[in-house]
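A.B. asks: sequence first, then the predicted structure, then my questions.
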Amino acid sequence: MLFYRAALPLSSRTLTFVAGVIRRHRAAIGSPWRKLNAGRQALLVLVYLRKGETFTEVAAGFEVGTTTAWRYVNETVALLAARAPKLRTAVRDARKAGHAYVVVDGTLIPIDRVAADRPFYSGKHKKHGMNLQVIASPDGTILWVSGDLPGSTHDTAAARIWQVLAALRDAGLIALGDKGYHGYDETGNHVITPYKGRNKPESQKDANRAHAKLRSPGERANAQLKTWNILRKLRCCPWRAGQLAKAIHVLQIREANAG
């Protein structure tokens, strides 16, 4: 096996933050000594998430066993995900920040096929994956990431499961959604979607163009998540997609603050 040095496009502040989370956890559980110190464990986890390398490859690069690398990653991802913003807190903070609206959008995290693959197949995307719901600010900053659901779950059903409408209503905030959310909010007071159908009058076409213009920056949120290669195709258990995305959201917040 050959070894090489490589750069990671993340700030040192993010590394310091993750190392601090690990260090405090080790102190809390009484585990002061391990094969890698907190800083090296943090770097291993960031490499895994950002580059999407296999546990075997990451373990070889850090001179630890594959099982050790797996344990380090799972432990750290759980610690980070626990710090992710909760839905009601996120929309309430968006309201306090003065946002006129937020953008709600679904994204599919591709996965390897599994034995019971039917629930994971998305007819919309023509591939197997997990459905995540993402709420973003008008400029595309990620505000909240949901847990995971099978890829066959429609965005409307996913939004109902995570009670997005109730959170928006309580915060007095509106969200712009694509046609996948049509009919989700029957009153149209909190989730606004484009007009559907062919041969629409010009007024509806104009409204759809304005809607798309407002939504487009917010759609950057899903693209931000997938700059972390681990989410481009999961080779681990599909039910870890939500936890991984929440952990990455926390790291995105740190990167934004560092910038």
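C.D. replies: Structure received.
A.B. asks: phi, psi for the spatially closest residue to Gly52 that is not a sequence neighbour please.
C.D. replies: Closest residue to Gly52 apart from its sequence neighbours, by Cβ to Cβ, 6 or more residues apart in numbering: Asn229 at 3.0 Å. C-beta: built from backbone N, CA, C; applies to glycine. For Asn229, the backbone dihedrals (degrees, to the nearest 10) come out as phi -60, psi -20.
A.B. asks: pretty sure Asn229 is touching Thr54, no?
C.D. replies: No: counting by Cβ atoms under 8 Å, Thr54 is not a contact partner of Asn229; they are 11.4 Å apart.
A.B. asks: centre of the chain to stretch 131-138, how far?
C.D. replies: How far stretch 131-138 lies from its chain's middle: 8 Å, per Cα atoms, centre = their mean, to the nearest Å.
A.B. asks: sorry, back to before: how many neighbours does the residue nearest to Gly52 have?
C.D. replies: Counted with other Cβ atoms under 10 Å, the neighbours of Asn229 add up to 13.
A.B. asks: could you pull up the residues touching it?
C.D. replies: Neighbouring residues of Asn229 by Cβ atoms under 8 Å, 6 or more residues apart in numbering: 49-52.
A.B. asks: low-confidence regions, this structure specifically.
C.D. replies: 114-117, 258-259 (pLDDT under 70).
A.B. asks: so how far is Ser216 from Arg209?
C.D. replies: 11 Å (Cβ to Cβ, to the nearest Å).
A.B. asks: would you confirm that Val102 contacts Leu173?
C.D. replies: Yes: in this structure Val102 lies within contact range of Leu173 using Cβ under 8 Å: 6.3 Å.
A.B. asks: now do the shared contacts for these two.
C.D. replies: Contacts common to Val102 and Leu173, judged by Cβ under 8 Å, 6+ apart, are 91, 94.
A.B. asks: those two: who's more crowded?
C.D. replies: Using other Cβ under 10 Å, the more surrounded residue of Val102 and Leu173 is Val102, with 26 against 18.
A.B. asks: which residues does the more buried one contact?
C.D. replies: Contacts of Val102 by Cβ under 8 Å, 6+ apart are 91, 94, 135-138, 143, 168, 173-176, 218.
A.B. asks: and for Arg40?
C.D. replies: Phe62.
A.B. asks: let's verify it: helix, strand, or coil?
C.D. replies: helix (DSSP: H, G, I helix; E, B strand; the rest coil).
A.B. asks: what's the answer for Val134, then?
C.D. replies: Assigned by three-state DSSP, the conformation of Val134 is strand.
A.B. asks: these two touch, right, it and Val145?
C.D. replies: Yes: under the criterion of Cβ under 8 Å, Val134 makes contact with Val145 at 5.5 Å.
A.B. asks: which neighbours do the two share?
C.D. replies: Leu225.
A.B. asks: if we can go back for a sec, so how far is Gln243 from the residue nearest to Gly52?
C.D. replies: The value you get for Asn229 to Gln243, if Cβ to Cβ is used, is 17 Å.
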